[in-house]
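Engineer: sharing a model that was predicted from the sequence below.
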Amino acid sequence: HKLASFEMNCLGDAATGATYGAGIGALLEGMAVSFDESLLRQSSTGAVTAIGTRVATSATRVGLVMGTFGAARCLVASIRDRDDFLNNMWGGLAAGSLIGVLAPVRAGGPKALAQGVYGAVGVATMGVGAYFLAATRSDIGDGATPTPPVLPVKHHPGT
């Protein structure tokens, strides 16, 4: 039953990350389309369709990246059986590499690879920074201060 608990924790982290990521992606793209003057030249139906497509695409991509971060961070923490900045680093490397994979097809080859490398390093850096930011805060019980993450139960065969 410990393995099932581990799987549920990591799936929960992935789902939470994907949900937050989708919301953030939709919000950011929603703000970005407000500055796109090419939408003004389209019919109202065409503009609404274009906006919906862009928002959905961005929400999906950011949701996948953040979901991967949550799952990879949890998996690494379970394998290493410790909670430190390295879990965030590995989670960030896994998640950021998706940026190259999810790059538009027109980018192709070396450009997509470069986006993946930059994305991996960037998301890993942000993940490590978030770990240290959370570590510097004290839990004052105000409901806004982040609490330390709960590591999943590691499966030990025969115990």
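Structural biologist: That came in fine, so what should we check first?

Engineer: list the contacts for the nearest residue in space to residue 116 that is not next to it in sequence?
Structural biologist: Residue nearest to residue 116 in three dimensions, not counting chain neighbours: residue 100, with 2.2 Å by CB to CB, 6 or more residues apart in numbering. The way it works is simple: take the backbone N, C-alpha and C, and place the C-beta from them, glycine included. Counting by CB atoms under 8 Å, 6 or more residues apart in numbering, residue 100 touches 112, 113, 114, 115, 116, 117, 119.

Engineer: and with 10 Å instead?
Structural biologist: Contact analysis of residue 100 by CB atoms under 10 Å, 6 or more residues apart in numbering lists 107, 111, 112, 113, 114, 115, 116, 117, 118, 119, 120.

Engineer: can you redo these as JSON lines with distance to residue 20 and neighbour count?
Structural biologist: Converted to JSON lines, these look like this (distance: CB to CB, whole Å; neighbours: other CB atoms under 10 Å):
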{"residue": "107", "distance to residue 20": "26", "neighbour count": "13"}
{"residue": "111", "distance to residue 20": "28", "neighbour count": "13"}
{"residue": "112", "distance to residue 20": "25", "neighbour count": "18"}
{"residue": "113", "distance to residue 20": "27", "neighbour count": "15"}
{"residue": "114", "distance to residue 20": "27", "neighbour count": "13"}
{"residue": "115", "distance to residue 20": "22", "neighbour count": "19"}
{"residue": "116", "distance to residue 20": "22", "neighbour count": "18"}
{"residue": "117", "distance to residue 20": "24", "neighbour count": "15"}
{"residue": "118", "distance to residue 20": "22", "neighbour count": "13"}
{"residue": "119", "distance to residue 20": "18", "neighbour count": "22"}
{"residue": "120", "distance to residue 20": "20", "neighbour count": "19"}
